[in-house]
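1. Let me see the structure of the following:
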Amino acid sequence: MAFAAFIAPTMNLFPYWQGEAREAYEWVYADLKQIEARIEATADELVDEISREIARLRRRIEEL
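-> Residues are numbered from 1 along each chain as shown. Here you go, the predicted model:
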């Protein structure tokens, strides 16, 4: 989780944030974490699909 490794430490840089600023920061952080998870899932799906396609093409080559 590259994003978490980058952003999580910054939460400690602003321990004095309170109220609306802190809440807004936490909402943005949560949103970005969800986006990161979707990107990682999509990347995994793409790698799986590419691997399947490579295997299919190899089988076709062997048939020739």
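
2. Dump stretch 35-53 to CSV, restricted to CA.
-> C-alpha atoms of stretch 35-53 as CSV (Å, rounded to 0.1, in the frame of the first residue of the first chain):
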residue,chain,number,x,y,z
ILE,A,35,-9.4,4.8,-4.4
GLU,A,36,-6.1,3.1,-3.7
ALA,A,37,-7.8,-0.2,-3.0
ARG,A,38,-9.8,0.0,-6.2
ILE,A,39,-6.6,0.8,-8.2
GLU,A,40,-4.9,-2.2,-6.7
ALA,A,41,-7.8,-4.5,-7.4
THR,A,42,-7.9,-3.2,-11.0
ALA,A,43,-4.2,-3.8,-11.4
ASP,A,44,-4.5,-7.3,-10.1
GLU,A,45,-7.4,-8.0,-12.5
LEU,A,46,-5.3,-6.6,-15.4
VAL,A,47,-2.3,-8.8,-14.5
ASP,A,48,-4.5,-11.9,-14.3
GLU,A,49,-6.2,-11.1,-17.7
ILE,A,50,-2.8,-10.5,-19.3
SER,A,51,-1.4,-13.7,-17.9
ARG,A,52,-4.5,-15.6,-19.3
GLU,A,53,-4.0,-14.0,-22.7
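
3. Any idea how far that stretch is from the middle of the chain?
-> Put simply, stretch 35-53 sits 10 Å off its chain's centre (Cα atoms, centre = their mean, to the nearest Å).

4. That stretch: which residues count as buried?
-> Buried residues in stretch 35-53, counted by 16 or more other Cβ atoms under 10 Å: none are found. C-betas here are computed from N, CA, C, even on glycine.

5. Now that stretch: average pLDDT?
-> Stretch 35-53 comes out with an average pLDDT of 97.

6. for the helix or strand harbouring R56, packing partners?
-> Per DSSP states H and E: R56 is located in helix 19-63. With contacts defined as 3 or more Cβ pairs under 8 Å, 6 or more residues apart in numbering; DSSP states H and E, helix 19-63 has these neighbours: helix 2-13.
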